[in-house]
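**Student:** pasted the sequence and its predicted model underneath.
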Amino acid sequence: MTPSFVQILIVVALLVLLFGRGKISALMGDVAKGIKSFKKGMQEEPETEAAEDVKTIEHETAETVDAVKKPANSKAKS
């Protein structure tokens, strides 16, 4: 059994009477901010992980290059 339009209207009217229009408006604003924050967080996460992966690869590459250069320099000095 689905609620009819009249039943939904009665429930909304009772909520407005109990809580007042200001509190309901503030609550909906807070819910909207939470949803926006969640969406923003979900979009930023892959970018952050990708940036960390790039930094890790750059660091590993620099270490490898340093490791390769050191033996060559030590042989040249000997």
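**Tutor:** Received, thanks. Numbers count the residues shown, from 1 in each chain.

**Student:** where along this protein do the helices fall?
**Tutor:** Assigned by DSSP state H, the helices in the chain fall at 5-19, 21-77.

**Student:** and the ones you listed, which one's lowest on average pLDDT?
**Tutor:** Here the helices of the chain differ in mean pLDDT, and the lowest is helix 21-77 at a mean of 73.

**Student:** how about residue 56, what does it touch?
**Tutor:** The contact partners of residue 56, by C-beta atoms under 8 Å, 6 or more residues apart in numbering, come to none. Backbone N, C-alpha and C define where each C-beta goes, glycine included.

**Student:** any idea how far it is from residue 5?
**Tutor:** 57 Å (C-beta to C-beta, to the nearest Å).

**Student:** same check, this time on residue 34
**Tutor:** Taken as C-beta to C-beta, the span from residue 34 to residue 5 is 29 Å.

**Student:** what about residue 15, neighbour count?
**Tutor:** Neighbours of residue 15 under the rule other C-beta atoms under 10 Å: 13.

**Student:** how close does it sit to residue 8?
**Tutor:** When distance is defined by C-beta to C-beta, residue 15 is 11 Å away from residue 8.

**Student:** do residue 43 as well
**Tutor:** 34 Å.

**Student:** residue 30 too?
**Tutor:** 23 Å.

**Student:** neighbour count winner among residue 34 and residue 5?
**Tutor:** residue 34 (10 against 7).

**Student:** contacting residues for the more buried one?
**Tutor:** Contacts of residue 34 (C-beta under 8 Å, 6+ apart): none.

**Student:** this completes my enquiry, with thanks.
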